[in-house]
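> how would this look folded up:
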Amino acid sequence: MEWSDSWRGAFRIELRAEAVSLAWHGWPVLPGTYPAGDGWAGRDGVESTGPTPVHDDWQERVGTQADQVAAWWAGHSYSILLATGHGVDAVEVDTDLGRKAAVALRAAGFPVPILATPEGRWTFLVATGSPWPSDDRVTYHGKGEFIVLPPTPVRHGVVHWRVKPQICGWQLPDATIVRDALHEAAHATDSYESLLTAETA
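Numbering: from 1, shown residues only. This is a model prediction of the structure:
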């Protein structure tokens with residue numbers, strides 16, 4: 001997707017407002033590179049396939065206050081990155097599993113902030129602290145990592161919220177709640193696929 005100067009300008013205002021709001025609520029946000037032409041602008045000498053931190057010392061900048069965050073985005077169309085492992089962790093799955101888990105969470109009365117990418121990945125935000133067992137279907141993002149937050153433009157569209165943090169009152173669940181919902185969703189999917197296999201055998 002091509003991003004014209006006017007398009008980036010419109011996104012810059014929205015990105016800045018969202019970054020400041022997130023920082024004000026204590027989320028560790030950082031500026032990241034953004035799509036421009038055939039590459040990613042915002043950081044010299046670094047090639048990547050997606051948004052990466054603008055600052056080499058980004059891990060030392062975690063916890064920056066909202067006023068400095070506002071200054072970072074002044075005049076720049078930086079993407080919004082979240083440093084995981086500092087109060088917020090992220091559980092990433094494919095769209096199908098994510099949608100089923102979201103339904104299970106909603107039915108159980110546990111709204112969870114969820115974002116989605118144009119590439120078909122859903123990410124559930126959880127409180128830092130609970131260990132996550134090895135799972136081929138899940139990518140867990142913890143300390144020393146980062147994820148991209150809405151409304152960051154990426155190559156094939158825009159990262160967007162499926163469930164906004166405001167819906168959850170900015171409260172993050174323990175990771176075990178999301179793990180249980182994903183387990184329930186994966187079990188339901190496996191059972192359905194087994195049934196189809198049996199019917200067609």
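> and the pLDDT for residue 42?
pLDDT recorded at residue 42 is 77.
> how about residue 108?
At residue 108, pLDDT is 89.
> what's the answer for residue 1, then?
51.
> burial count for residue 13?
11 (other C-beta atoms under 10 Å). C-betas here are computed from N, CA, C, even on glycine.
> and if you look at the one 10 residues further on?
Residues contacting residue 23 under the criterion other C-beta under 10 Å number 22.
> ditto for residue 68
10.
> list the contacts for it?
Counting by C-beta atoms under 8 Å, 6 or more residues apart in numbering, residue 68 touches no other residue.
> helix/strand/coil for it?
Classification of residue 68 using DSSP: H, G, I helix; E, B strand; the rest coil returns helix.
> distance of it from residue 10?
For residue 68, the distance to residue 10 (C-beta to C-beta, to the nearest Å) stands at 24 Å.
> same question, residue 105
Using C-beta to C-beta, residue 105 is found at 33 Å from residue 10.
> have a look at these two and say which one is more surrounded.
More crowded of residue 105 and residue 10, by other C-beta under 10 Å: residue 105, with 23 against 12.
> ok, that one to residue 134 distance?
Distance of residue 105 to residue 134, given as C-beta to C-beta: 22 Å.
> before we move on, what about residue 15?
Taken as C-beta to C-beta, the span from residue 15 to residue 134 is 35 Å.
> and the particular helix or strand that has residue 23 in it, what does it pack against?
Assigned by DSSP states H and E, residue 23 belongs to helix 5-24. With contacts taken as 3 or more C-beta pairs under 8 Å, 6 or more residues apart in numbering; DSSP states H and E, helix 5-24 sits against strand 29-32, helix 66-73, strand 79-83.
> these into a markdown table, with extra columns for distance to residue 99?
Formatted as a markdown table, these follow (distance: least, C-beta to C-beta, whole Å):
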| stretch | distance to residue 99 |
| --- | --- |
| strand 29-32 | 26 |
| helix 66-73 | 32 |
| strand 79-83 | 22 |
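> which one, of these, ends up nearest to residue 21?
helix 66-73 (8.3 Å; C-beta to C-beta).
> pull out the buried positions in that closest one.
Across helix 66-73, burial judged by 16 or more other C-beta atoms under 10 Å covers 66, 69, 72, 73.
> make JSON lines out of those residues and add pLDDT and distance to residue 118.
Shown next, in JSON lines, are those (pLDDT from 0 to 100; distance: C-beta to C-beta, whole Å):
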{"residue": "66", "pLDDT": "93", "distance to residue 118": "28"}
{"residue": "69", "pLDDT": "94", "distance to residue 118": "25"}
{"residue": "72", "pLDDT": "93", "distance to residue 118": "25"}
{"residue": "73", "pLDDT": "91", "distance to residue 118": "22"}
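> nearest to residue 142, of those residues?
Closest approach between the buried residues of helix 66-73 and residue 142, by C-beta to C-beta: residue 69, at 22.1 Å.
> now that closest one: how far from residue 59?
Taking C-beta to C-beta, one finds residue 69 at 16 Å from residue 59.
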